[in-house]
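can't give you the sequence, but here's the structure:
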């Protein structure tokens, strides 16, 4: 059933507190009312090689499968926590590691839903070839794992795939994160026979078709879609694993302007991880709804356009950091759910050196730097997505603190997809209108510096600087990243990335960390077994009705 937003809002009132308690077993699922997940925005791409938003990737982990998957361990509170590095078999039944070479043995008898085509090693070869063939998020992730060229993937026989991983210079190298990287969404296996039907001379990888269609093996498939309103997922019948998801039907509803708190209280929404402020989470927890915060590497960051006034002067950028009210943000906007992030990379990464700890809240120091730079009483545009209510709370706190040093932040809350378009246009040099300061939330899935360095530190090229909105550029940083990106020399690699972190703290421009947010989830009382993982996505196949 397709619902417009007016109907969606009415449901919250009509449902009242009528929450159904489902009692079906794990293997059944049919006959239950759907699991409903409220999402802040519609998806923009279904292509694993070219995902463009968190929603794209969240649906992707539920409709596609990979050679390996995360290992989840049950916690005392009933949640499932993914192991940070270990993986378990999924479409591959086993693998062997010999130096830089990993050989995967595929499961027999798996067929793609919708087409019935058998999954073979050619599908794996083609899927990973698309990753390096398409300019997008997938190419970056493939490079982190050590896959840069199609020739590195070999279909040995119909059920055997051999991958030779290399460093970015092309030397075969035992990349430490090669195997664990392959649990992520981008390494989904697509139906090559079906995808090739939609390739053209202008679009040899059928990217345009894949952005709107699915060639999949996953536990769910897209049954219906109402653009801008909702997606309906259905469990794939007779899944190859022999286990069906507890919920046969999942509805992803774009919440629009609907009152999310009312939808949760009324039993209309079962799962929400975006769209609530800290105060709203507190109120729902006080009303007896499960509110959980998981230790995931989701970091609130700011970026300053260092090529445009007023941020061309490093002293001005440093002054902004001395004026950031981080403790107030955590205490007020996030209701204590979060902690200060002083490390450019993930806290657990061995390269972390807390280079941003120098920027304690010091308005006097900020004023002195502005005076030294001759830049007092200026204004700039402050961009952020309005899809997350706490973003507005945080932006207001930052604007208020900056007012105390004589600086005006013109708040520019923007719809997520519109902001993404403007973000990409600036990065790619297609539009110069978006300048000033940008605030966003980023998740770096590995406790390894290569991903963030390649995205934010490295200069913009077809394979790097893909989110370098600030236009940071440093020849030494580029050289260090190029030399040590996939290096097996752990000590030298750590030292190199610590030099780069110090450069980022000195520059105070790109990817500046403020708060480790983690992931906060609120659910209805009728479900359990919520997952927390390095990526910030829900796995519907694990969620169960509460008995």
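Here it is on my side, so go on. Predicted, not measured: the structure shown is a model, and the values here were computed from it.

So for the nearest residue to residue 64 once chain neighbours are set aside, what pLDDT did the model give?
Leaving aside its sequence neighbours, residue 64 sits nearest to residue 188 (CB to CB, 6 or more residues apart in numbering; 3.4 Å). From N, CA and C alone the C-beta is placed, and that goes for glycine too. In the prediction, the pLDDT value recorded for residue 188 is 96.

which ones are touching residue 188?
Taking CB atoms under 8 Å, 6 or more residues apart in numbering as the criterion, residue 188 is in contact with 48, 60, 64-66, 127, 216.

And it, how far from residue 406?
Noted for residue 188: a distance of 50 Å to residue 406, by CB to CB, to the nearest Å.

Kindly report the same for residue 523.
Per CB to CB, residue 523 is found 45 Å from residue 406.

More neighbours: which of those two?
The neighbour count for residue 523 versus residue 406, taken as other CB atoms under 10 Å, is higher for residue 523 (24 against 15).

mind checking how far the more buried one is from residue 76?
Counting by CB to CB, the gap between residue 523 and residue 76 amounts to 17 Å.

do residue 424 as well
Taking CB to CB as the measure, residue 424 and residue 76 are separated by 43 Å.

Name the residue in these two with the higher neighbour count.
In this comparison of residue 424 against residue 76, neighbours counted by other CB under 10 Å, the higher total goes to residue 424 at 16 against 5.

Which helix or which strand is home to that one?
Assessed by DSSP states H and E, residue 424 sits inside helix 416-427.

what's the offset of stretch 170-190 from the middle of its chain?
Its chain's C-alpha centre and that of stretch 170-190 lie 17 Å apart, by CA atoms, centre = their mean, to the nearest Å.

Flag every buried residue along it.
Of the residues in stretch 170-190, those buried under the neighbour-count criterion (16 or more other CB atoms under 10 Å) are 173-190.

out of the contacts of residue 188, who has the most neighbours?
Compared across the contacts of residue 188, residue 48 has the highest neighbour count, 32 neighbours, by other CB under 10 Å.

which one is it nearest to, not counting chain neighbours?
What sits nearest to residue 48 in space, not counting adjacent residues and going by CB to CB, 6+ apart, is residue 188, at 4.0 Å.

can you check residue 111 too?
The nearest residue in space to residue 111 (CB to CB, 6+ apart) is residue 118, at 5.5 Å.

tell me what the biggest helix by length in the chain is packed against?
The single longest helix within the chain, with elements called by DSSP state H, is helix 490-507. Contact partners of helix 490-507 among helices and strands, from 3 or more CB pairs under 8 Å, 6 or more residues apart in numbering; DSSP states H and E: helix 314-322, helix 475-484.

Tabulate those (a markdown table), appending mean pLDDT and mean neighbour count.
As requested, those are exported to a markdown table (pLDDT from 0 to 100; neighbours: other CB atoms under 10 Å):
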| stretch | mean pLDDT | mean neighbour count |
| --- | --- | --- |
| helix 314-322 | 98 | 23 |
| helix 475-484 | 94 | 17 |
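
Let's have the ones you listed in CSV, adding distance to residue 240.
Converted to CSV, the helices and strands packed on helix 490-507 look like this (distance: least, CB to CB, whole Å):
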stretch, distance to residue 240
helix 314-322, 51
helix 475-484, 40
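
between these, which gets nearest to residue 224?
Ranking the helices and strands packed on helix 490-507 by their distance to residue 224 (criterion: CB to CB) puts helix 475-484 first, at 44.2 Å.

Check the offset of the closest one from the chain's centre.
Average the C-alpha atoms of helix 475-484, do the same for its chain, and the two points are 25 Å apart (CA atoms, centre = their mean).

That one relative to helix 490-507, how many degrees between them?
160 degrees (axes from the mean of the first three to the mean of the last three CA atoms, to 10 degrees).

Just the residues contacting helix 475-484, thanks.
Here helix 475-484 makes contact (CB under 8 Å, 6+ apart) with 168-169, 450, 453-454, 457-459, 464, 492-493, 496-497, 499-500, 503.

Quick one: residues contacting the residue lying closest to residue 388 once chain neighbours are set aside.
Nearest non-adjacent residue to residue 388, counting by CB to CB, 6+ apart: residue 274, 5.6 Å away. Applying CB under 8 Å, 6+ apart, one finds that residue 274 lies in contact with 39-40, 54, 387-388.

rewinding a little: and for the residue nearest to residue 111, the neighbour number?
Under the neighbour criterion other CB under 10 Å, residue 118 is assigned a count of 15.

isn't it right next to residue 107, touching?
No. Judged on CB atoms under 8 Å, residue 118 makes no contact with residue 107 at a distance of 10.8 Å.

which residues of the stretch 1-150 of the chain score low on pLDDT?
Residues of the stretch 1-150 of the chain meeting the criterion pLDDT under 70: 1-31.

80 - rerun?
Across the stretch 1-150 of the chain, the ranges flagged by pLDDT under 80 are 1-32, 52-54, 136.

next one: the stretch 301-450 of the chain
In the predicted model of the stretch 301-450 of the chain, residues 387-389, 443-445 satisfy pLDDT under 80.

what's the offset of stretch 65-78 from the middle of its chain?
Between the centre of stretch 65-78 and the centre of its chain there are 17 Å (CA atoms, centre = their mean).

Show residues contacting it.
Contacting residues not belonging to stretch 65-78 are listed as 80-83, 86-92, 95, 104, 106, 124, 161, 179, 182-185, 187-189, 216-219, 292, 528-531, 533-534, 539, 542 [CB under 8 Å, 6+ apart].

Just the buried ones among those, please.
Neighbour-count burial (16+ other CB under 10 Å) is assigned, among these, to 80-82, 87, 90-92, 95, 104, 106, 124, 161, 179, 182-185, 187-189, 216-219, 292, 528-531, 533-534, 539, 542.

Confirm that residue 292 lies within a strand, as I assumed.
Yes. Per DSSP: H, G, I helix; E, B strand; the rest coil, residue 292 lies within a strand segment.

unless I'm mixing things up, it is touching residue 528, no?
No. Using CB under 8 Å as the test, residue 292 is too far from residue 528 to be in contact (10.7 Å).

Residues that sit against both of these two, list them.
Contacts common to residue 292 and residue 528, judged by CB under 8 Å, 6+ apart, are absent.

Off-centre distance for the longest strand along the chain?
Here the longest strand in the chain is taken by residue count, with DSSP state E as the criterion, and it is strand 80-89. Averaging C-alpha positions (CA atoms, centre = their mean) puts strand 80-89 17 Å from its chain's average.

Can you give the contact residues for the helix or strand that it is followed by?
Moving toward the C-terminus from strand 80-89, the first helix or strand encountered (DSSP H and E) is strand 92-98. Taking contacts as CB under 8 Å, 6+ apart, the residues outside strand 92-98 that touch it are 67-68, 89, 102-107, 161, 174, 179.

now the angle from strand 92-98 to strand 80-89?
Using the same axes, to 10 degrees, the direction of strand 92-98 lies 70 degrees away from that of strand 80-89.

which element follows strand 92-98 toward the C-terminus?
strand 101-106.

by contact count, what packs against that following strand?
In terms of contacts (3+ CB pairs under 8 Å, 6+ apart), strand 101-106 is packed against strand 92-98, helix 121-133, strand 160-164.

Can you say which of the ones you listed is packed in most?
The highest mean neighbour count among the helices and strands packed on strand 101-106 belongs to helix 121-133 (a mean of 22), with neighbours defined as mean count of other CB atoms under 10 Å.

gap between that one and the chain center?
Relative to the mean C-alpha coordinate of its chain, helix 121-133 is positioned 22 Å out (CA atoms, centre = their mean).

Over to stretch 305-321?
Remark: stretch 305-321 is offset 28 Å from the chain centroid, using CA atoms, centre = their mean.

A strand includes residue 412, no?
Yes. Membership of residue 412 in a strand is supported by three-state DSSP.

Report the buried residues of stretch 285-303.
Residues of stretch 285-303 classed as buried: 289-294, 296-303 (neighbour count, 16+ other CB under 10 Å).
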